[in-house]
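*Asks:* Below are the sequence and a predicted model; questions follow.
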Amino acid sequence: MNDDTITLPWLVIRQDDNGNRYRVGRYATRAEAQKIADSLDDRGHKQLYWVERIGQSEDATRN
């Protein structure tokens, strides 16, 4: 890996009320991803948001 490569291992995942899952974004740190997930969750919609690290199952990282 060179200095020009940025690693973004943290995902924010959204699940809608029909069970469909979508990647919202990729982030460098868990804290950054969690901040985004929390701000989206605070909007009060029916969607569920959680943070997941690439390479890990969602069950291990779901909040």
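*Replies:* Perfect, thanks for sending it.
*Asks:* residues contacting the spatially most central residue of the chain?
*Replies:* For the chain, the residue sitting closest to the mean C-alpha position, by C-alpha atoms, centre = their mean, is residue 12 at 1.2 Å. Contact analysis of residue 12 by C-beta atoms under 8 Å, 6 or more residues apart in numbering lists 23-25, 27, 33, 36-37, 40, 49-51. Bear in mind the C-beta positions are built from the backbone N, C-alpha and C, glycine included.
*Asks:* Just give the nearest non-adjacent residue to it, would you?
*Replies:* Excluding its sequence neighbours, the residue lying closest to residue 12 (C-beta to C-beta, 6 or more residues apart in numbering) is residue 24, at 4.1 Å.
*Asks:* Same question for residue 40.
*Replies:* residue 49 (4.9 Å).
*Asks:* Run through the bridge partners of that neighbour.
*Replies:* Beta bridges link residue 49 to residue 14, judged by DSSP bridges.
*Asks:* can you tell me how far it sits from residue 27?
*Replies:* According to C-beta to C-beta, to the nearest Å, residue 49 and residue 27 sit 13 Å apart.
*Asks:* what about the residue nearest to residue 40, how many neighbours?
*Replies:* 21 (other C-beta atoms under 10 Å).
*Asks:* Residue 38 belongs to a helix?
*Replies:* Yes: per DSSP: H, G, I helix; E, B strand; the rest coil, residue 38 lies within a helix segment.
*Asks:* which non-adjacent residue is nearest it?
*Replies:* Nearest to residue 38 is residue 49, by C-beta to C-beta, 6+ apart, at 7.9 Å.
*Asks:* surely that neighbour meets residue 24?
*Replies:* Yes: using C-beta atoms under 8 Å, residue 49 is in contact with residue 24, at 7.1 Å.
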